[in-house]
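Peer 1: this one's sequence-less:
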Ligand SMILES: [Zn+2]
Ligand SMILES: [Zn+2]
């Protein structure tokens, strides 16, 4: 199982977003968005997006296979404007999501929640490491903390919302 994100309702990009209120969105940084640019390691793939300031780490086994350690997730609001589409390969990692990577350099690009009833617009969760300007980012949540191996950890965990798999899934099913 993999779940990486809160349900977010997006209507027409950045002009009229309307978020569910749930525990993980309570933090101020979740509400702050900014325009961001980024690229993969080789530069063949670039993008522009509106992203939330709040970055999350996912410790699930799939994310760790995909990115060596936890996936550091920057949540996009609305559509992401990619260039270099011919270099983006999409791996279908579950029934509800796919993961994109650059076929030239191998950079992990995004986790994409496919459109479905609970997430009608779909949702792109970008690899935070791709962002060209990271000044505004705030590391404010961790998910699948019960899947993290023992050999690493992040300092300052008291200041973050930390969820086990069960807690994350419960949050999902309690919204709508
Ligand atoms: Zn690349
Ligand atoms: Zn994960």
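Peer 2: Nice, I can see it. Here the structure is a predicted model, which means the values were calculated and not measured. Ligands and ions are numbered 1, 2, ... in the order given.
Peer 1: CA atoms for contacts and neighbours, from now on please.
Peer 2: Noted.
Peer 1: could you give the number of residues near the closest residue to residue 82 other than its chain neighbours?
Peer 2: Spatially, and ignoring its direct neighbours in sequence, residue 82 is nearest to residue 47 (4.3 Å; Cα to Cα, 6 or more residues apart in numbering). Applying other Cα atoms under 10 Å, we find 19 residues neighbouring residue 47.
Peer 1: over to residue 47: give its phi and psi.
Peer 2: When quoted as degrees, to the nearest 10, the phi and psi of residue 47 stand at phi -160, psi 160.
Peer 1: next: the one 4 residues further on.
Peer 2: When read as degrees, to the nearest 10, the backbone of residue 51 gives phi -120, psi 150.
Peer 1: check contacts around residue 51.
Peer 2: Residue 51 sits next to 33-36, 74-77 when contact means Cα atoms under 8 Å, 6 or more residues apart in numbering.
Peer 1: which bits of the protein sit near ligand 1?
Peer 2: Selection of the chain residues close to ligand 1 by Cα under 5 Å from the ion yields 40-42, 44, 102, 104-105.
Peer 1: those, buried ones only, as a PyMOL selection?
Peer 2: This is the PyMOL syntax for the buried subset of the residues of the chain next to ligand 1, where burial follows 16 or more other Cα atoms under 10 Å:
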select buried, resi 40+41+44+102+104
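Peer 1: output the residues of the chain next to ligand 1 as a markdown table; include the columns secondary structure, pLDDT and distance to residue 86.
Peer 2: Shown next, in a markdown table, are the residues of the chain next to ligand 1 (DSSP: H, G, I helix; E, B strand; the rest coil; pLDDT from 0 to 100; distance: Cα to Cα, whole Å):
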| residue | secondary structure | pLDDT | distance to residue 86 |
| --- | --- | --- | --- |
| 40 | coil | 98 | 13 |
| 41 | coil | 98 | 16 |
| 42 | coil | 98 | 14 |
| 44 | coil | 98 | 9 |
| 102 | strand | 98 | 9 |
| 104 | coil | 98 | 10 |
| 105 | coil | 98 | 13 |
